[in-house]
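Asks: The following block contains a protein sequence and its predicted model.
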Amino acid sequence: MNLKKRPIFITLSLLLILSHFAFVSISYWQQKQSIQSDIEQQLHMLKNSFDAEFSSVEQTMLQTASSFANNPEIQSLFWQGKQALAKEGGGTGDKQTQAIRTQLYDSVKAPWSYLMSQYSARQLHFHLPEGNISFLRVHQPDKFGDNLQSIRHSINATHTNKHHTQGYEIGRAGSAIRGVVPMSYTDPITKEKQYIGALEAGVSISPLLQHLHKHYQGHFSLLIHKDKAKQTLFPELWATWQQEHLTVGQYIVDESSSTDIQMLLNDPLIYPIIDANSFCLLTLKEHTFILAAYPFKDFISQQSPDTPAIGSLLIWQDVGTLLSKSDTTLKQNILYASVSFFVLWTLLYLAFFKLVKRLEHEIEEKNDFISTENVLLQNFSELSSQTKGEELYRLIVQFLADKLHADYVLFSTPMSDPLFCETKIIVAYGQVIENIQY
């Protein structure tokens with residue numbers, strides 16, 4: 001190989017390598033962007049699904065509460081209980097209040113037990129407006145008479161506005177997605193309608209999370225601030241929660257669709273994600289997940305923007321298959337680029353050196369022709385200096401014939417056809433003879 005040609009070939013080879021490297025890099029970058037977009041869209045879809053299903057559960061709880069609140073027998077008993085409690089000095093009341101409370105409990109016990117067993121209903125609670133006093137917890141009938149004004153903001157709003165409310169809230173007896181409706185009693189004689197209080201129905205968020213996991217293959221966990229739960233729950237219930245619910249740092253897990261939440265929360269990298277309401281990739285049990293944290297607002301934080309979220313909603317999903325496809329595509333692109341480079345480099349090698357060889361051959365022929373021309377010119381010059389008259393013209397004809405013969409020897413294209421050259425010699429020779437009358 002000619003050493004002078006190597007830098008050119010090496011430069012062309014490097015350009016070929018760079019073009020293939022650029023192809024693989026751009027393909028990888030585009031695929032990475034596409035995967036990130038797909039992941040973000042998937043998280044967005046899961047969050048939207050949660051919001052939609054959550055709203056649906058809220059409406060179901062409102063309908064459930066309304067079905068009880070619109071029952072005339074229940075309205076009458078609640079009204080009688082309110083009147084008896086006022087006569088007996090408020091608080092928990094006395095015998096008459098307790099008798100009516102028991103009657104009210106018996107009237108709703110059967111349908112409510114069915115809802116609890118079939119639909120994971122958690123709370124059915126009658127509230128009186130004066131101080132937001134608990135009149136009857138159907139789910140916990142031995143707990144009544146406590147003032148809930150400082151913690152049950154959805155009930156306060158219903159008492160104030162005489163309008164239904166809904167949302168997630170932690171109460172003394174636990175957390176729930178709640179629907180609260182106002183209750184009124186119409187006097188059968190005077191037809192006067194009077195406000196009695198509020199009735200709420202609540203359901204655990206667990207069935208919702210399990211439903212979402214089943215239909216969307218994502219995992220959902222609700223983390224709430226531990227201090228909030230401790231301040232709100234009955235002390236004995238808080239002790240039970242600490243035993244039954246996972247507690248990590250400042251959070252306690254209300255409900256989760258996956259038992260992997262404990263392992264997930266053991267990773268310290270997750271907490272900056274929760275604090276920043278962001279998302280990240282993480283590996284768990286040799287699986288790669290995308291995890292996102294969203295602020296979770298209860299009723300009061302939804303109504304008051306200045307009130308911080310009660311906790312965080314974690315959503316995660318296995319994206320190992322998607323990333324595996326990306327790795328496979330990257331390897332395929334590298335393989336295709338390698339094969340393509342080898343084929344093109346081989347063709348470049350063959351074409352380059354064949355062209356170089358051809359050019360060298362043509363240059364060599366040109367050099368030979370120039371050498372022949374120089375020899376003829378030198379001979380003609382030497383002879384012409386010693387020749388005159390007819391001998392000079394004979395010399396010119398001989399020079400032309402030799403020159404045309406050299407052209408014929410050098411070129412082999414149709415423009416250098418032997419007949420054409422020979423004819424030219426004759427014509428040239430005839431003209432000279434004619435000119436000198438030879």
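Replies: Done, it's in. Residues are numbered from 1 along each chain as shown.

Asks: C-alpha from now on. contacts and neighbour counts both.
Replies: Noted.

Asks: Break this protein down into its domains, please.
Replies: 70-204, 205-318, 329-436 (automatic domain parsing).

Asks: Let's have those in CSV, adding distance to Leu62, mean neighbour count and mean pLDDT.
Replies: Listed next are the domains of the chain as CSV, based on distance: least, Cα to Cα, whole Å; neighbours: other Cα atoms under 10 Å; pLDDT from 0 to 100:
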stretch, distance to Leu62, mean neighbour count, mean pLDDT
domain 70-204, 4, 19, 93
domain 205-318, 14, 17, 89
domain 329-436, 51, 14, 59
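
Asks: CA-only coordinates of the longest strand belonging to the chain, as PDB, when you get a sec.
Replies: Ranked by residue count under DSSP state E, the longest strand found in the chain is strand 174-186. Extracted as PDB, the C-alpha positions of strand 174-186 are listed here (Å, rounded to 0.1, in the frame of the first residue of the first chain):
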ATOM      1  CA  GLY A 174     -60.300   5.600  61.500                       C
ATOM      2  CA  SER A 175     -59.800   6.900  58.000                       C
ATOM      3  CA  ALA A 176     -62.300   6.700  55.200                       C
ATOM      4  CA  ILE A 177     -63.500   8.200  51.900                       C
ATOM      5  CA  ARG A 178     -66.600   9.900  53.200                       C
ATOM      6  CA  GLY A 179     -69.900  11.300  51.900                       C
ATOM      7  CA  VAL A 180     -71.800  13.600  54.300                       C
ATOM      8  CA  VAL A 181     -75.400  14.700  53.800                       C
ATOM      9  CA  PRO A 182     -77.600  17.000  55.800                       C
ATOM     10  CA  MET A 183     -80.700  15.500  57.500                       C
ATOM     11  CA  SER A 184     -84.000  17.200  58.100                       C
ATOM     12  CA  TYR A 185     -87.200  16.300  59.800                       C
ATOM     13  CA  THR A 186     -90.700  17.500  58.700                       C
END
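
Asks: so how many other residues sit close to Ile39?
Replies: Residues near Ile39, counting by other Cα atoms under 10 Å, number 16.

Asks: Which neighbouring elements make contact with the helix or strand containing it?
Replies: Assigned by DSSP states H and E, Ile39 belongs to helix 6-69. Here helix 6-69 is seen to pack against strand 165-171, strand 174-186, strand 193-203, helix 206-216, strand 311-318, helix 320-384 when contacts are counted using 3 or more Cα pairs under 8 Å, 6 or more residues apart in numbering; DSSP states H and E.

Asks: Using CSV, write out every CA atom in the third one.
Replies: It stands for strand 193-203. Extracted in CSV, the C-alpha atoms of strand 193-203 (Å, rounded to 0.1, in the frame of the first residue of the first chain):
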residue,chain,number,x,y,z
LYS,A,193,-89.0,21.3,58.1
GLN,A,194,-86.2,21.5,60.7
TYR,A,195,-82.5,20.7,60.4
ILE,A,196,-81.5,17.7,62.6
GLY,A,197,-77.8,17.2,61.8
ALA,A,198,-75.5,15.3,59.4
LEU,A,199,-75.2,11.7,58.4
GLU,A,200,-72.0,10.4,56.9
ALA,A,201,-71.1,7.1,55.2
GLY,A,202,-67.5,6.1,54.8
VAL,A,203,-65.5,3.3,53.1
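
Asks: Against which helices or strands is that strand packed?
Replies: Packed against strand 193-203, as judged by 3+ Cα pairs under 8 Å, 6+ apart, are the following elements: helix 6-69, helix 72-87, strand 121-128, helix 153-161, strand 174-186.

Asks: one more time with 7 Å
Replies: helix 6-69, strand 121-128, helix 153-161, strand 174-186 (3 or more Cα pairs under 7 Å, 6 or more residues apart in numbering; DSSP states H and E).

Asks: and what of the fourth one?
Replies: In this structure, helix 206-216 packs against strand 251-256, with contacts taken as 3+ Cα pairs under 7 Å, 6+ apart.

Asks: what's the angle between the strand it packs on and helix 206-216?
Replies: Angle, strand 251-256 to helix 206-216, by axes from the mean of the first three to the mean of the last three Cα atoms, to 10 degrees: 70 degrees.

Asks: Residues in contact with strand 251-256: which ones?
Replies: Strand 251-256 has contacts (Cα atoms under 7 Å, 6 or more residues apart in numbering) with 205-206, 209, 220-226, 245-247.

Asks: how big is the angle separating that strand from strand 311-318?
Replies: Using the same axes, to 10 degrees: strand 251-256 against strand 311-318 is 60 degrees.

Asks: about what we covered before: closest one to Ser76 among the helices and strands packed on strand 193-203?
Replies: strand 174-186 (6.6 Å; Cα to Cα).

Asks: What distance do you get for the spatially closest residue to Ala173 that is not a sequence neighbour to Asn277?
Replies: Distances taken as Cα to Cα, 6 or more residues apart in numbering place Leu233 nearest to Ala173, at 6.0 Å, with adjacent residues excluded. According to Cα to Cα, to the nearest Å, Leu233 and Asn277 sit 27 Å apart.

Asks: Tally up the residues packed near Ser56, please.
Replies: 13.

Asks: and stretch 48-58, which residues are buried?
Replies: 50, 53-54, 57-58 (16 or more other Cα atoms under 10 Å).

Asks: Which of those sits closest to Glu364?
Replies: Phe50 (81.9 Å).

Asks: The closest one - nearest residue in space that isn't next to it in sequence?
Replies: In space, and not counting its chain neighbours, Phe50 is closest to Leu212: 7.1 Å by Cα to Cα, 6+ apart.

Asks: for Glu88, same thing?
Replies: Asp94 (6.1 Å).

Asks: Tell me how far the nearest residue to Val57 once chain neighbours are set aside lies from Leu208.
Replies: With Cα to Cα, 6+ apart as the criterion, Val57 has its nearest non-adjacent residue at 7.3 Å, and that residue is Ile177. With distances taken as Cα to Cα, Ile177 is found 10 Å from Leu208.
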